[in-house]
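Engineer: Got a sequence here, can you build the structure:
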Amino acid sequence: MDTGISSKPSLWEKIAYALGDASANIAWRGICAFLLIYYTDVYGLAPAAVGLLFLVVRFSDGVSDVAMGIAGDMTRSKYGKFRPWVLWTAIPLAAVLSLTFTCPSGLGYTGKLVYAYVMYILFTLVYTANNIPYGALMAVMTDDDRERASIGSFRMAGAFAGGMVVQGLLLFLVAWFGGIDPSVDVAKDPERADACVLTVTSPRDVAHVDISTKDMLAKIVPVGSTNEPTVRLSVPLKAGEKTSFAVTGEEGLSSESFTIVDQNRGYSYAIYSLSVVLAICLFITFFGTRERVSPPANQHADLWSDFRNLARNRPWVVLLVVGLLFNVYNAIRQGITVIYFTHYVNRALLAGGFFTALMIASIVGALATAPLVRLVGKKRLFVGTLLAAGAVNALFAFCAPTDIALIFAIGVVGEALAAVFPTLFFTMLGDAADYSEHRFGRRATGLVYSAGSFATKFGGGIAGAIIGAVLARYGYVGTEPGTIPGAIPGIRLLMGVIPSAIAAGTSVLMLLYPLSDSRLSEITAELAARRKK
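Structural biologist: From the prediction side, this is the model:
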């Protein structure tokens, strides 16, 4: 590994580094946006049980975050401290993500719950082993804090591009891989133009098939059932058996008007294909980056000193709390979106377009961060954009299901503003590592960056618990369509008011962050002088 001050990272190196966060976000945004609805509507777990699962798993994962930060700092190899972990975890991360979205046959409710805990814990452990060293890598690619801000912008652009892939494509891939090629017959009602009987014959047993019209306007109920008709019906189908449904509320329906999808198979195969992309991107990150900054030459392993310094590192402490709260805000928005479009807007596939629009807005926000930092500074930019993002997000409270353009506009503007935060957050963790070296004479980059992973994962756990608790409070059961209408007020709160209140509180706490841009410049100059000696 190079020591001291060396050449700046090239454009290609920044792109290669960005692909690492594209991979991380294929995994993480896939989990945040789709695991909740997969567990409740496909897997069949209760919302409260899923919320508790998220909280327990991600809180316990905080220990592994710290352990991984220490492991990264102690790693010695010809490739550096942090790059080897990107290589070692590429295939395991792809494999465990795939298994998390796989439901083995023959498991009862308890068995499925145990399997969900085991696989989710394994996922968080492998993700930690990948993401903390990956995040710390940015701090040792250059010792220039402005170059670090540039790398941070590329990183966030990569993150949002990865998020766009998984959030924009996944539902379409689910529909593609989940197709069961059934025999479909539509018998029209001679007395009502907007009514018919749909008869479906599946070529194989399907434990969980979703049936709706493509525009989700008609209401469907099994023939002979006393349940209320719904725009989306989830039922089992037996191979070769005819199953009939009464359909009302939409005229001119034919066999081509319906979508009939095996959600379980669709989710699993969609995630399998994206996991391959994830692994390839991580290999590119490993081979395309370099480590240039080393700890002080006289530094020896001293975990007690590193932990003590971390507790006295005020910039790091503030970032830990602020990062945790922001990730609660962000994970609630991501976790409820598919449910919001599925059950409130009644157009599930539109969630893919919404996610894509948000990812484009996020890339714009991320790339705009570096020049905005030069204009107004990191701290003021963070506080202002997050306050504005929360205010915009609150406007979801005024959206009706038919206000598609307004829903998209609010989402895009709010996401462009919120995208500034993660870009700044990981850049500022590098600043906190510089602060620690400047003040205490020791550099524990991996340990400092464990805050980023802990905030992301535990924030998501708190968000999952909040979503689960609110949905349970309003009686939501994903596999029972009759419970959905009563849960709509809770879904709307989770989409708008609740995350907006969290954003407002987070921006106020950021006022406690002590490092100004002028102070950072002084620290960078003094560290550069020390390293020349």
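
Engineer: list the buried ones in the helix or strand encompassing residue 493?
Structural biologist: Take DSSP states H and E as the rule and residue 493 turns out to sit in helix 484-495. For helix 484-495, the neighbour count (16 or more other CB atoms under 10 Å) marks 484, 487, 490, 491, 492, 493, 494, 495 as buried. In this view, the C-beta of every residue, glycine as well, is placed from N, C-alpha and C.

Engineer: Please report the distance of the second one from residue 232.
Structural biologist: Spatial separation of residue 487 from residue 232 under the definition CB to CB, to the nearest Å is 14 Å.

Engineer: want to throw the buried residues of helix 484-495 into TSV with pLDDT and distance to residue 419?
Structural biologist: Compiled in TSV, the buried residues of helix 484-495 are given as follows (pLDDT from 0 to 100; distance: CB to CB, whole Å):
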residue	pLDDT	distance to residue 419
484	85	31
487	92	30
490	94	27
491	95	24
492	95	24
493	95	24
494	95	21
495	95	18
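
Engineer: Present those as a markdown table; the columns should include distance to residue 273.
Structural biologist: Rendered in a markdown table, the data for those read as follows (distance: CB to CB, whole Å):
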| residue | distance to residue 273 |
| --- | --- |
| 484 | 30 |
| 487 | 32 |
| 490 | 33 |
| 491 | 29 |
| 492 | 33 |
| 493 | 35 |
| 494 | 30 |
| 495 | 29 |
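
Engineer: So which bits of the helix or strand bottoming out on mean pLDDT in the chain are buried?
Structural biologist: Using mean pLDDT, DSSP states H and E, the weakest-scoring helix or strand in the chain turns out to be helix 303-311, at a mean of 72. Of the residues in helix 303-311, those with enough neighbours to count as buried (16+ other CB under 10 Å) are 306, 309, 310.

Engineer: pretty sure the second one contacts residue 442?
Structural biologist: Spelled out, that is residue 309. Yes: with contacts defined as CB atoms under 8 Å, residue 309 counts as touching residue 442 at a distance of 6.1 Å.

Engineer: what sits in contact with each of the two?
Structural biologist: residue 436 (CB atoms under 8 Å, 6 or more residues apart in numbering).

Engineer: Start from the N-terminal end of the stretch 151-300 of the chain and give the strands.
Structural biologist: Read by DSSP state E, counting those that start in this stretch, the stretch 151-300 of the chain holds these strands, from start to end of the chain: 183-188, 195-201, 206-213, 219-222, 233-237, 242-248, 258-262.

Engineer: just to revisit the earlier point, what do residue 487 and residue 232 both touch?
Structural biologist: In contact with both residue 487 and residue 232: residue 343, using CB under 8 Å, 6+ apart.

Engineer: Let me see the confidence value for residue 22.
Structural biologist: Note for residue 22: predicted pLDDT of 94.

Engineer: If we go by neighbour counts, what in the host helix or strand of residue 519 is buried?
Structural biologist: Residue 519 belongs to helix 517-532 when elements are defined using DSSP H and E. In terms of neighbour count (16+ other CB under 10 Å), helix 517-532 has its buried residues at 520, 523, 524, 527, 531.

Engineer: packing partners for it?
Structural biologist: Contact partners of helix 517-532 among helices and strands, from 3 or more CB pairs under 8 Å, 6 or more residues apart in numbering; DSSP states H and E: helix 145-177, helix 420-440.

Engineer: which residues touch the residue lying closest to residue 411 once chain neighbours are set aside?
Structural biologist: Counting by CB to CB, 6 or more residues apart in numbering, the nearest residue to residue 411 once its immediate chain neighbours are dropped is residue 358, at 5.5 Å. Under the criterion of CB under 8 Å, 6+ apart, the contact list for residue 358 reads 167, 411, 412, 415.

Engineer: any idea which of those is closest to residue 475?
Structural biologist: For residue 475, the closest of the contacts of residue 358 turns out to be residue 411, at 26.7 Å, with distances computed as CB to CB.
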